[in-house]
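Enquirer: give me a 3D structure for the following:
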Amino acid sequence: TGDTPANERAKMLKNPPHILITTPESLALMLNAPKFRENLRTVQWAIIDEIHSLAENKRGTHLSLTLERLQVLSPDITRIGLSATIAPLEEIAQFLVGKEDEKTYRACRIVDVQFLKKLDLKVLCPLPDLVNVTQKQVHAALYDLLDQLIQDHKSTLIFTNTRSATERVIHHLKERFPGRYDSHIGAHHSSLSREHRLMVENQLKEGKLKACVSSTSLELGIDIGFIDLVVLLGSPKSVARCLQRVGRAGHKLHDTVKGRIIVLDRDDLVECSVLLKQALEKKLDRIHIPKNCLDVLAQHVYGMAIEQPHNVED
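Expert: Just a heads-up that it's a prediction; the model follows:
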């Protein structure tokens, strides 16, 4: 990725890895790098993890074109798409495999094992009345509730909807409960350095953190066996995102997924209650795949022109 030092990239040219983990943008650049490109001629498998987060935006369009270019280099490649929260399956499968010609999609097999886990989900309100209270009372009740949830569990992951809220939650927990959260709490969001993020991820994996607060950076991602509770502060705005976030808890096979959504006003209460009902009934948001992204197409046509001369019909 963009984080990988130049000397590590150079090593890969001399001794190509068996498994390369990368991003759609970096893969497109590798296809245009003459030396690295040669290493991609023998690729057998392309695994698209968390495919739902790519299919609905132009990064996915970019990846589709990159995979077609990769297939020209390595014709026997097999594509595998993975996601725990995705609908409609057939449409995403077609997005993954692409077309053989103008009319027919490539053949593929769909394995649907989405909802094998038990869900323990609840919407919580810090106070019985959200109308006749001051902001100060709501604030105090929120942090008392958060503290109680954290103390009742081994390791808690708290999701906020912004990076600034992540820092704010950590600050208030430390301030309200002195000595309790000094070294057993961590922040994780994309504005932090790579070293800091890795340190927090490792502490989580080793079970050293009592709580970790994140914006969206841990939503898709690392498999953490120690987390036994996920708390969402406010609405995640989609059923898939809700299930994706709470799915960070109970990450071992046959574990129960335990999640709590904390609401602080009536709008959130109504929205999250409906969202929770949809999640429990396994009704996921439909993904809408963008069409005719000519800006992305132009970028790839330019990349192909740099790579080698092409016939217009091809």
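Enquirer: okay, Thr61 and Thr78: tell me how far apart.
Expert: 21 Å (C-beta to C-beta, to the nearest Å). C-beta here means a position set from N, CA and C on the backbone, and glycine is covered the same way.
Enquirer: what are the bridge partners for Val213, then?
Expert: Beta-bridge partners for Val213, by DSSP bridges, are Ile158, Ala187.
Enquirer: ok but Leu121 is inside a strand, no?
Expert: Yes: per DSSP: H, G, I helix; E, B strand; the rest coil, Leu121 lies within a strand segment.
Enquirer: surely it meets Val246?
Expert: Yes: contact criterion C-beta atoms under 8 Å: Leu121 and Val246 qualify, at 6.4 Å.
Enquirer: buried ones in stretch 273-283?
Expert: If you call a residue buried by 16 or more other C-beta atoms under 10 Å, then stretch 273-283 has these buried ones: 275-276, 278-279.
Enquirer: greatest separation within those: which pair is it?
Expert: Across those, the longest distance by C-beta to C-beta is 7.3 Å; it joins Leu276 and Gln278.
Enquirer: give me the helix or strand of the protein that scores worst on average pLDDT.
Expert: Sorted by mean pLDDT, DSSP states H and E, the helices and strands of the chain end with helix 194-205, the least confident at a mean of 82.
Enquirer: nearest spatial neighbour of Ala107, chain-adjacent residues omitted?
Expert: Val97 (7.7 Å; C-beta to C-beta, 6 or more residues apart in numbering).
Enquirer: same question, Cys293
Expert: Counting by C-beta to C-beta, 6+ apart, the residue nearest Cys293 is Thr61, at 4.5 Å.
Enquirer: I'd guess the one you found is in a strand, am I close?
Expert: No: using three-state DSSP, the secondary structure at Thr61 is helix, not a strand.
Enquirer: quick one, strands of the stretch 1-150 of the chain?
Expert: Here the stretch 1-150 of the chain has its strands, by DSSP state E, counting those that start in this stretch, at 45-48, 78-81, 119-124.
Enquirer: out of these, which is closest to Asp101?
Expert: That would be strand 78-81 among the strands of the stretch 1-150 of the chain, by C-beta to C-beta, at 17.2 Å.
Enquirer: what comes up buried for stretch 153-166?
Expert: Quick answer for stretch 153-166 (16+ other C-beta under 10 Å): 153, 155-160, 163, 165-166.
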